[in-house]
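Q: coords please:
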Amino acid sequence: MNHRGVTGAMTINQGRFLIVLLLLPWVGGESLGQQKDFLTWWELSLDKGLGKGIDLSGELEQRFRNNSLQYDRTLVTLAGDYDFRDYLNVAAGMRAVLVSNRELQLRTKYRIHVDLTGSHSLGGVDLSLRARLQYGFEEIFNTGVSGNNKFVNRFRLKASYHIFGTRFGGFATLESYHLFSDQRGVLFYKMRYSAGAQFDLDFRSQFTLRYILEDEFNVRNPLQSHILLFGYAYKL
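A: The predicted structure follows:
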């Protein structure tokens, strides 16, 4: 087998995927009538390593919309992941979401997800590509039936760098959202761009400040969100 040819083909395919990912916002469709909003998100996460490449995590997130003056939603996520290889990680989790709609009524939603993440280090920069399959149960708690359920496929490219000899690090991400099944036949509907900085308070805790730009496409009343996220993570 010609390993050089295989490696070259893989590099070309990866390059094409990245180009398509970057061009999605311009080919995804029109965004006429797009609305804008500024949101703030607060995030607390706990991680526990069980050994042998297995980790458990819990996350509590609070979001505010309408220029950060109105309650939006609360999210609670439980997940576990396993380092299948040094460069490959698999994970699964579930999330409960309490959402406030436009009429200020609260609704409960549930989601489950499965992740496959490949990682590689290049010149001190840690690169990763995550594929997430997510299934949402809309209002199953309130109605007793699973209505408006949908599969969402998310691809996230991340680059991170830790400044040697310091407690500081930075990262940037690019993520696309796709519907697996939509009656209108629309697959691509959102892009999320972000950049942030991390500060290690000590060996167990970390503070994160992150800016996110979220763009919706091919939906009614598409929303462009500017988001400031404050996060704190602690390793048990």
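Q: and residue 206, how far is that from residue 162?
A: To residue 162, residue 206 is 11 Å away according to Cβ to Cβ, to the nearest Å. Where you see a C-beta, it was placed from the backbone N, CA and C, and this is true even at glycine.
Q: An error on my part: the question was meant for residue 213.
A: Distance from residue 213 to residue 162, by Cβ to Cβ: 24 Å.
Q: In terms of neighbours, single out the busier of the two.
A: residue 162 (16 against 13; other Cβ atoms under 10 Å).
Q: Bridged to the more buried one, which residues?
A: Going by DSSP bridges, residue 162 is paired in beta bridges with residue 169.
Q: hang on, it packs against residue 169?
A: Yes: Residue 162 lies in contact with residue 169 (Cβ atoms under 8 Å); the separation is 4.0 Å.
Q: I'd like to know the beta-bridge partner residues of residue 200.
A: In beta-bridge terms (that is, DSSP bridges), residue 200 pairs with residue 206.
Q: got the contact list for it?
A: Contacts were defined as Cβ atoms under 8 Å, 6 or more residues apart in numbering; by that measure residue 200 touches 167, 168, 169, 206.
Q: repeat that with 10 Å
A: 162, 166, 167, 168, 169, 206, 207, 233 (Cβ atoms under 10 Å, 6 or more residues apart in numbering).
Q: cool, and residue 190?
A: Contacts of residue 190 by Cβ under 10 Å, 6+ apart are 24-25, 28, 152, 154, 175-179, 214-219, 222-223, 225.
Q: which residues in the chain form strands?
A: Ranges of strands in the chain, per DSSP state E, are 35-51, 54-65, 70-85, 88-100, 106-122, 125-138, 147-162, 168-179, 188-200, 205-216, 223-235.
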